[in-house]
Every structure is written in structure tokens, then in C-alpha cells.
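Chemist: Structure, please.
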Amino acid sequence: MNVNGQSGRRYVLITPCRDEAVYARRSLDSVLKQSVPPALWVIVDDGSSDDTPKILAEYAAKAPYIKIVRRDDRGKRAVGPGVIDAFYAGLDTIRMEDFDYLCKFDLDLDIPEIYFEVLMQRMEADPRMGTCSGKPYFERDGNLISEKCGDEMSVGMTKFYRVACFKEIGGFVREVMWDGIDCHRCRMLNWIACSWDDPEIRFIHLRPMGSSQQSIWVGRQRHGFGQYFMGTGWLYMTASSIFRIAHPPYFVGGFGMWWGYAKSAFAGKPRYNDLEFRKFLRAYQLDCLVSGKARATEKLHAACRRAAKAEPQMNADGRK
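Modeler: The predicted structure is shown next:
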């Protein structure tokens with residue numbers, strides 16, 4: 001039985017952040033309102049120069065489960081590997097074995113009050129569910145617009161993980177496409193990765209995806225490089241870019257991704273050094289083009305469940 005009176009529902013949030021004063025209060029408030037609060041929330045201040053440290057100190061005084069880790073200023077905001085470095089600075093302060101779930105959680109989100117409760121309920125119902133999330137939306141002209149994240153991924157700004165799964169996949173790769181590689185590695189190892197667009201777990205991304213460092217254009221080119229690094233093929237990348245061109249931000253988003261991929265390929269930049277993974281990824285992406293992404297993903301998830309039935313019985317927390 002944990003501090004919240006729930007058996008098997010001890011979850012820890014690890015939040016890398018830098019200069020988030022504009023968004024921090026709204027994000028912090030949304031976590032403090034959770035129906036099932038975290039057992040621990042480690043917030044890593046990655047050298048903020050605005051009012052973020054003052055805001056964090058204020059909220060740490062309100063919530064005893066908030067722990068602040070302060071890092072030296074590196075001189076600039078660093079997405080991708082920089083964010084994961086900060087995440088690990090927080091992870092290194094805990095014992096993962098003390099928790100059932102962990103979540104890499106950004107400080108520019110506004111989540112529903114039952115967000116984490118629903119995710120844990122769904123993971124309890126399916127022991128092979130390794131990582132999951134709701135879907136992000138951003139606000140524009142008074143409307144909420146979907147960021148069009150695939151159902152086969154837990155989203156990078158709030159990756160909720162079963163600890164057993166996170167440990168088995170080896171955690172996050174310290175490169176731009178860390179939040180794609182992890183989900184594909186889950187399926188390689190017979191874990192399910194997914195996200196749902198259900199109203200009770202939709203959340204607001206206060207800073208649109210891919211805009212956190214310089215601009216949407218730069219962010220989407222960075223995403224294209226990440227796809228190249230991960231091992232995505234030309235055909236799949238082109239099809240994905242065409243799909244993105246038709247969704248906000250129109251044209252810029254899709255073409256920026258394709259151009260970032262193309263520049264990386266022409267420059268001969270290094271790729272993720274795991275040939276078995278890249279072979280698995282290409283086979284999956286080919287099936288997505290032939291069968292459709294939903295059907296290709298469900299085939300893999302069905303295989304995960306069949307493999308689980310052939311293994312020793314697992315507990316609800318994913319442990320044998």
C-alpha cells in the first residue's frame with residue numbers, strides 16, 4: 001500500500017525544464033489536481049534564467065512530493081539529447097524499484113484531473129502495456145487543434161511507462177528521435193506502446209510540438225533528422241511528410257520534416273547503431289504502407305500478447 005492508499009499505483013514524474021515561467025503554473029496546477037497524485041515528482045531545473053526557480057520553490061512548499069534538482073546553466077535551451085540528459089539527472093536521484101510507473105513529463109502541459117488515474121487503469125487491464133499516453137492539442141484562435149500524433153506511440157511530452165518495461169528496453173537513447181526509438185524497441189521486446197485520443201485524457205500542449213528551440217521550421221527539420229537517425233526509409237518518410245503537409249502548420253510542417261531528413265541523408269550523417277532495430281523498423285514501416293498503420297501496429301501488438309501467453313504468468317505490474 002503506497003502513500004496515496006493505492007496498491008501498485010506508485011508513480012514518479014521526472015520533469016526536465018528550462019525557462020518555463022510562462023507555462024509552469026498552469027502545468028504545476030494540473031498535476032496538483034490529479035485524482036491520484038504522484039508518489040514523487042522530480043523537477044530538474046536545467047539552468048533557468050527566468051522566474052522558473054521561484055515558481056518551483058513556491059510549489060515545492062505546497063506539495064511535499066515535489067523535489068527540485070538544480071543544474072548549472074548550459075547557456076541555451078537544448079532539446080533532444082539535452083532534454084534527456086536533464087531527465088537522467090533526475091532519474092539518477094531515485095530508485096526505480098520503489099515505483100510501479102514512471103513518466104517523463106514536460107512543464108508546458110495542462111492535463112485533465114483524472115489523466116494518470118485513467119492511464120494506470122488501462123495498464124492494469126493489460127499487463128503487456130509498456131508505455132502509453134493521451135493525445136496533445138494546442139490552442140489557436142480559441143480552438144483546440146490536434147498535433148496528429150500516431151496511435152502507435154506514447155507522446156514525448158508525457159511518456160508514461162511501466163517501470164519493468166522501461167528497464168527492459170534500456171531507457172531512452174540520448175538523441176533527437178529518443179521518443180520514437182523507445183516505442184519501437186517496446187514492440188521489438190513484446191511490449192505494447194500506444195496513445196489514445198479519448199476526451200478524458202486529451203491534454204493541452206501549451207507550446208506546439210517542434211517549436212521549443214527556435215521555430216516550427218527548425219523544429220520540423222530537427223524531426224526529419226531524427227527520423228533519418230532512427231533508420232526510417234525514404235519511401236515511408238516521404239509518405240509521412242505528405243500527410244503532414246495537409247495538417248497544421250500547413251506545408252511548413254511536412255516539408256520541413258522531409259527537408260531535414262534529406263539534408264541528413266545527403267550529408268551522410270550517422271544513424272542509430274543497432275542493425276537489428278533498423279531491420280525491425282523498416283519491416284514495420286513497409287507493412288504500414290501496405291496494410292495501413294493501424295492494422296500493421298495491431299499485428300505487432302497481437303504478437304506481443306501471444307508471446308506473453310507463452311511466457312510465465314505476469315502480475316499486473318508487468319513482473320513475472
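
Chemist: can you give me the strands for this protein?
Modeler: 11-17, 40-46, 66-71, 101-105, 109-110, 129-133, 136-140, 143-146, 158-162, 192-195, 203-205 (DSSP state E).

Chemist: Mean neighbour count added to the ones you listed, as TSV?
Modeler: Every C-beta, even on glycine, is put in place using the N, C-alpha and C of the backbone. Formatted as TSV, the strands of the chain follow (neighbours: other CB atoms under 10 Å):
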stretch	mean neighbour count
strand 11-17	25
strand 40-46	24
strand 66-71	17
strand 101-105	25
strand 109-110	20
strand 129-133	26
strand 136-140	17
strand 143-146	12
strand 158-162	27
strand 192-195	24
strand 203-205	20
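
Chemist: In a markdown table: these, plus distance to G254 and mean pLDDT.
Modeler: Shown next, in a markdown table, are the strands of the chain (distance: least, CB to CB, whole Å; pLDDT from 0 to 100):
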| stretch | distance to G254 | mean pLDDT |
| --- | --- | --- |
| strand 11-17 | 28 | 97 |
| strand 40-46 | 30 | 97 |
| strand 66-71 | 35 | 97 |
| strand 101-105 | 26 | 98 |
| strand 109-110 | 24 | 98 |
| strand 129-133 | 23 | 98 |
| strand 136-140 | 17 | 91 |
| strand 143-146 | 15 | 90 |
| strand 158-162 | 24 | 98 |
| strand 192-195 | 20 | 97 |
| strand 203-205 | 19 | 96 |
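
Chemist: Please dump those into JSON lines; it should also carry distance to A86 for every row.
Modeler: Shown next, in JSON lines, are the strands of the chain (distance: least, CB to CB, whole Å):
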{"stretch": "strand 11-17", "distance to A86": "3"}
{"stretch": "strand 40-46", "distance to A86": "4"}
{"stretch": "strand 66-71", "distance to A86": "7"}
{"stretch": "strand 101-105", "distance to A86": "10"}
{"stretch": "strand 109-110", "distance to A86": "16"}
{"stretch": "strand 129-133", "distance to A86": "20"}
{"stretch": "strand 136-140", "distance to A86": "20"}
{"stretch": "strand 143-146", "distance to A86": "27"}
{"stretch": "strand 158-162", "distance to A86": "14"}
{"stretch": "strand 192-195", "distance to A86": "23"}
{"stretch": "strand 203-205", "distance to A86": "19"}
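
Chemist: Nearest to C288 among those strands would be which one?
Modeler: When the strands of the chain are ranked by proximity to C288, the top entry is strand 192-195, at 14.4 Å, counting by CB to CB.

Chemist: which outside residues touch that closest one?
Modeler: Contacting residues not belonging to strand 192-195 are listed as 126, 128-135, 149-155, 182-184, 186-187, 297, 301, 304-305 [CB atoms under 8 Å, 6 or more residues apart in numbering].

Chemist: Would you mind checking the residues you listed for buried ones?
Modeler: 126, 128-135, 149-150, 152-155, 182-184, 186-187, 297, 301, 304 (16 or more other CB atoms under 10 Å).

Chemist: Helices - which of the contacts of strand 192-195 land there?
Modeler: The helices, defined by DSSP state H, take in D182, C183, H184, C186, R187, T297, H301, C304, R305 from those.

Chemist: was I right about R25 contacting I55?
Modeler: Yes - if you go by CB atoms under 8 Å, R25 and I55 touch, sitting 6.2 Å apart.

Chemist: So for those two, which sits in the more crowded spot?
Modeler: Just comparing R25 and I55: by other CB atoms under 10 Å the higher neighbour count belongs to I55, 19 against 15.

Chemist: per-residue confidence at the residue lying closest to I216 once chain neighbours are set aside?
Modeler: What sits nearest to I216 in space, not counting adjacent residues and going by CB to CB, 6 or more residues apart in numbering, is P249, at 5.3 Å. Confidence per residue is given as pLDDT, and for P249 that number is 75.
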